[in-house]
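In: here's my sequence, what's the structure:
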Amino acid sequence: SVHPMRKDAVEEFLRKAEADWSVIERLIKENKLIEIEYGGNKFYMRRL
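Out: Predicted coordinates for the structure are as follows:
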């Protein structure tokens with residue numbers, strides 16, 4: 001199964017990977033990742 005990650009968790013993951021937000025933007029443009037807003041938070045998950 002694929003679990004959504006909250007934006008702050010994604011930012012922490014990118015920091016540890018020494019990557020920046022452009023990675024996420026590219027994956028969204030390539031339709032490999034989707035952004036969902038729920039309960040005032042943004043979540044990111046792999047497109048199924």
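In: does the residue sitting nearest the centre point of the chain belong to a helix, a strand or coil?
Out: For the chain, the residue whose C-alpha lies nearest the mean C-alpha position (Cα atoms, centre = their mean) is residue 44; its distance is 3.6 Å. Following DSSP: H, G, I helix; E, B strand; the rest coil, residue 44 is assigned to strand.
In: how about the strands in this protein?
Out: Taking DSSP state E as the criterion, the chain contains strands spanning 5-6, 33-38, 41-46.
In: can you tell me what sits against the last one?
Out: Contact partners of strand 41-46, identified using Cβ atoms under 8 Å, 6 or more residues apart in numbering, comprise 2-7, 10, 24, 32-37. Any C-beta I mention is one placed from the backbone N, CA and C, and that applies to glycine too.
In: who does the residue lying closest to residue 5 once chain neighbours are set aside form a beta bridge with?
Out: Distances taken as Cβ to Cβ, 6 or more residues apart in numbering put residue 44 closest to residue 5, at 5.4 Å, once the chain neighbours are dropped. The residues listed as beta-bridge partners of residue 44 by DSSP bridges are residue 5, residue 35.
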